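J.: Give the three-dimensional model of this entry:
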Amino acid sequence: MPKQQPADTRKIVQDVNFPRHYCIYILRKYDFEGFYNTKFIDDPITRRTGFAIRAFNTEISQIRDVTTMDTIAKMRFQFWYDGIENALALGQSTEHPSPQQQPLLHEISECNRLCSGKLTKTWFNRLIDARNSPEGLSNFPFNTMKELETYSENSVSPVFYLINEAMLSTCKSSSIKPDIQLKLDHIGSHIGKAQGLANVIRGIIHNARFNRCYVPSELLATHNVTHQDLLKSNINTNPALKEVYFDIASLSHQHLVKAKKLTQDSSIKQFTSAFLPIITLERFLDKLRKNNFDVSKTNWGRKDLFFPISLLLRSKLWKYGRIV
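T.: Got it, this is the predicted structure:
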């Protein structure tokens, strides 16, 4: 007998034609942590927009996995370039988007309308560009850590820039200082880099199935590790793999420390709920450390049922001034 889905999941599947539920469904299925990082954002419009933006980034990040030819992948990316162009144009009008639109694009269009047309096309395109670049389409794309860091920022940080735009669009302009967006984007840049670097570690085993390795060649050479060693992900065969993962995790942690320090600025206190991935990433890196940087011993795909409660409690402490 097939395993029955939970009632709340069945409800979302049944409502999948409704754009808002479609975005939530994508995140609950493919980005469990991203779903809860967004769910606990305070402002309802920003929360809804966050679901749409993260669902969009999840959707385009999977194109490499579901296509075997670069030409087909580029056609899919072009669909999203064109779709974003149309969705944001429609979202700048006072009319509701057409229900015939692709549901994710429909929701982005509606969110842009709710945000008074403040969502920037450049950031959506930056997310697509990262995946549609030679690096994004290559199996062994990076030579240096700097190249990986740049890719991490381009493929993740725009998510935070867009969420920041949504947050600021809901505030009275008189209550916002001119430098607030710069401060928020500075935090988003560091979190994006940290998350992108952490994603490389998370994806080691998954990408090995596709004969892909996003760890820079320079770092592998430093520790006398080959691409084949990493694709096997066997620390028992080559203990130096721990050092490779440690170096990437350390750089990710450095960006988290910088981001966390920036959130202590009292002028941005009302916006901190958008930066819950700091807590999530700290938890991930701590789990990796406790497993002695052995990615094969940590099941990243398994959902931790205690995670939502832990994130909620820590977010409340953070909101009321206790840095955790």
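
J.: Over to residue 64. Which of the three states is it?
T.: Put simply, residue 64 is helix when judged by DSSP: H, G, I helix; E, B strand; the rest coil.

J.: thought it was touching residue 139?
T.: No: the pair residue 64 / residue 139 is not scored as a contact, 9.7 Å apart, by C-beta atoms under 8 Å. (C-beta placed from N, C-alpha, C; glycine too.)

J.: who has more neighbours, these two?
T.: residue 64 (19 against 12; other C-beta atoms under 10 Å).

J.: Look up how far residue 238 lies from the more buried one.
T.: 26 Å (C-beta to C-beta, to the nearest Å).

J.: Tell me the spacing between residue 149 and residue 103.
T.: Using C-beta to C-beta, residue 149 is found at 34 Å from residue 103.

J.: ah, wrong one, I meant residue 221
T.: Plainly put, residue 221 is 46 Å away from residue 103 if you go by C-beta to C-beta.

J.: ditto for residue 24
T.: Distance from residue 24 to residue 103, by C-beta to C-beta: 11 Å.

J.: Residue 34 now?
T.: 18 Å.

J.: cool, and residue 249?
T.: Taken as C-beta to C-beta, the span from residue 249 to residue 103 is 36 Å.

J.: Next: residue 53.
T.: Distance, residue 53 to residue 103, using C-beta to C-beta: 14 Å.

J.: How are the helices of the stretch 101-250 of the chain distributed by residue range?
T.: 103-114, 121-132, 134-137, 145-169, 180-202, 204-208, 217-222, 227-232, 241-262 (DSSP state H, counting those that start in this stretch).

J.: Mind putting those into TSV with distance to residue 19?
T.: Listed next are the helices of the stretch 101-250 of the chain as TSV, based on distance: least, C-beta to C-beta, whole Å:
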stretch	distance to residue 19
helix 103-114	4
helix 121-132	16
helix 134-137	26
helix 145-169	16
helix 180-202	25
helix 204-208	28
helix 217-222	41
helix 227-232	39
helix 241-262	31
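
J.: weakest of these by average pLDDT?
T.: Least confidently modelled of these is helix 227-232, at a mean of 82 by mean pLDDT.

J.: Show me the contact partners of it.
T.: Residues from elsewhere that reach helix 227-232 (C-beta atoms under 8 Å, 6 or more residues apart in numbering): 140, 204, 208, 211, 213, 215, 217, 220, 237-238, 240-241, 244.

J.: try stretch 28-45
T.: By C-beta under 8 Å, 6+ apart, the surrounding residues in contact with stretch 28-45 are 9, 12, 24, 27, 47, 50-51, 54, 58, 62, 111, 114-115, 163, 166-167, 169-170, 270, 273-274, 276-277, 280, 303, 307-308, 311-312, 315.

J.: and that stretch, how far from the chain's centre?
T.: In this view, stretch 28-45 has its centroid 11 Å away from the chain centroid, taken as C-alpha atoms, centre = their mean, to the nearest Å.

J.: what's the span of it, first residue to last?
T.: Stretch 28-45 has its terminal residues 19 Å apart, counting by C-alpha to C-alpha, to the nearest Å.

J.: follow-up on the earlier one: point out the most buried one among the helices of the stretch 101-250 of the chain.
T.: Among those, helix 103-114 has the highest mean neighbour count (mean count of other C-beta atoms under 10 Å), at a mean of 24.

J.: export that one as CSV, just CAs?
T.: Output of helix 103-114 as CSV, limited to C-alpha atoms (Å, rounded to 0.1, in the frame of the first residue of the first chain):
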residue,chain,number,x,y,z
PRO,A,103,1.6,30.0,-11.4
LEU,A,104,5.0,31.0,-10.2
LEU,A,105,5.2,33.9,-12.6
HIS,A,106,1.6,34.8,-11.7
GLU,A,107,2.6,35.0,-8.0
ILE,A,108,5.7,37.1,-8.7
SER,A,109,3.6,39.5,-10.7
GLU,A,110,1.0,39.7,-7.9
CYS,A,111,3.7,40.2,-5.3
ASN,A,112,5.3,43.0,-7.4
ARG,A,113,1.9,44.7,-7.5
LEU,A,114,1.6,44.4,-3.7
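
J.: what helices or strands is it leaning on?
T.: helix 19-30, helix 44-61, helix 70-91 (3 or more C-beta pairs under 8 Å, 6 or more residues apart in numbering; DSSP states H and E).

J.: picking up where we left off before, okay, and the common contacts of residue 64 and residue 139?
T.: Residues touching both residue 64 and residue 139 by C-beta under 8 Å, 6+ apart: residue 210.

J.: Counting neighbours, what do you get for residue 304?
T.: Residue 304 has 13 nearby residues by other C-beta under 10 Å.

J.: That one in helix, strand or coil?
T.: Under three-state DSSP, the three-state class of residue 304 is coil.

J.: Offset the numbering so it begins at 43, please.
T.: All set: I'll call the first residue 43, so the last point we hit is now residue 346.

J.: can you list the domain ranges for the chain.
T.: Taking automatic domain parsing as the reference, the chain has its domains at 56-174, 181-341.

J.: Please tabulate the ones you listed in TSV and include distance to residue 361 as additional columns.
T.: Supplementary listing: the domains of the chain in TSV, determined by distance: least, C-beta to C-beta, whole Å:
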stretch	distance to residue 361
domain 56-174	8
domain 181-341	6
